[in-house]
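Participant: From the sequence below, what's the structure:
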Amino acid sequence: MAAFGIPSLSPELEATISSGLAEVESVLTSRIEGRYLFANETSRHLVVAGGKRFRPLITILGSLVGNGINDRVIKAAAVCELTHLATLYHDDVMDEAPLRRGVESANSRWGNSVAILTGDYLFAKMSQILAELGPEAVKLQADTFERLVIGQILETQGPGLNEDPLEHYLRVVADKTGSLIATSLRFGSMFAGCTKEEVETLTSFGEKIGIAFQLADDIIDIASDSLDSGKTPGTDLREGIPTLVTLNAMKSNDPNDASLKLALSGPIKSEEQVQWVINELRGHKAMAESRIQLQQIAKEARAALGALPISESSSALYSLCDLVRSGRASCRERV
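Facilitator: Below is the predicted model:
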């Protein structure tokens, strides 16, 4: 299996990516260490639990459009992953999540205060690395972090009185998911000597592909069996989290959908009810509509790459578009 399941990677490119990711991993594990043993333990908790490392991967791919991997690219990739990890600690407190990455969440193990402070600790460690990359990188990360926070606030607040819920959701996805993936590609390309035009192209692509991967994840949560996706179907239904599919279903004016819409109005605690809703949604027009919307945003992501010169690395980014359009991949852990 190629890195992150991207099809058609050459053995040489896959080896380059794998080597880069190994360097990022070394930075992650070494730079979170500090003088306080307990903080070391709590911060290692999610780092060693694994994860897809999609943000470092996309940073490396961005660098390969230019002059390739270097020390600044590796540090930038670590910055993006540490930012992502820190948000997971905070998000699990907000959601009262018992598990993360298949292990007990930090808030379940040590309590909310420790989990929040661990997230803050990772932000501090991230900032130390970021300072080594210069003021432009610091400004970019600050702008990105602002979007991450605003996205979380918007999700918590919910749509306004006259705001379309689906438009609100897509804005949340752009801020919470698209922004950091866009920044990952921007870091990788700018530190690898890409032209200004190439950096802007990759940044635009990153935002689009980040949104597309989230929409794919929404569809996978309903459409796929756990054996196929590696995930338990209906996770978002159990938590009452709005997704592309459920928001499309909630728009229905069909009287026959009244019971379904009632079930989707909050968290679903009964497993029998979860399975009923999954079965209803799998055959619902909302699923077909969601697939069309996913295809459109993936098409926009692919079109955003049009200005890049053809190379093995840009071809890998095109393959990411095909991967997400297939509905077989997601990049994110819900935050």
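Participant: Looking at the chain, which helix is longest?
Facilitator: Longest helix of the chain, by residue count under DSSP state H: helix 196-223.
Participant: By mean pLDDT, which helix or strand of the chain comes out lowest?
Facilitator: helix 226-229 (a mean of 48; mean pLDDT, DSSP states H and E).
Participant: Give the next helix or strand downstream of that one.
Facilitator: Helices and strands here follow DSSP states H and E; after helix 226-229, the next one along the chain is helix 235-239.
Participant: Can you pull out the residues in contact with that following helix?
Facilitator: Contacts to helix 235-239, defined as CB atoms under 8 Å, 6 or more residues apart in numbering, come from residues 95, 218, 221-222, 242-243, 246, 264, 267-269, 274, 277-278, 334. The way it works is simple: take the backbone N, C-alpha and C, and place the C-beta from them, glycine included.
Participant: 10 Å instead, please
Facilitator: 95-97, 217-218, 220-222, 232, 241-243, 245-246, 263-264, 266-271, 273-275, 277-278, 281, 334 (CB atoms under 10 Å, 6 or more residues apart in numbering).
Participant: List only those of these flagged as buried.
Facilitator: Neighbour-count burial (16 or more other CB atoms under 10 Å) is assigned, among the contacts of helix 235-239, to 97, 217-218, 220-222, 242-243, 245-246, 263-264, 268, 274, 277-278, 281, 334.
Participant: tell me the mean pLDDT over the longest helix of the chain?
Facilitator: When pLDDT is averaged over helix 196-223, the result is 95.
Participant: residue contacts, the residue nearest to Asp120 when sequence neighbours are not counted?
Facilitator: Spatially, and ignoring its direct neighbours in sequence, Asp120 is nearest to Ala86 (7.4 Å; CB to CB, 6 or more residues apart in numbering). Going by CB under 10 Å, 6+ apart, Ala86 touches 43, 46, 118-126, 145, 148.
Participant: Secondary structure element for Ala86, which one?
Facilitator: Assessed by DSSP H and E, Ala86 sits inside helix 71-95.
Participant: what's the closest of the contacts of Ala86 to Glu289?
Facilitator: Nearest to Glu289, judged by CB to CB, of these is Leu148 at 28.3 Å.
Participant: count of residues packed around the closest one?
Facilitator: 20 (other CB atoms under 10 Å).
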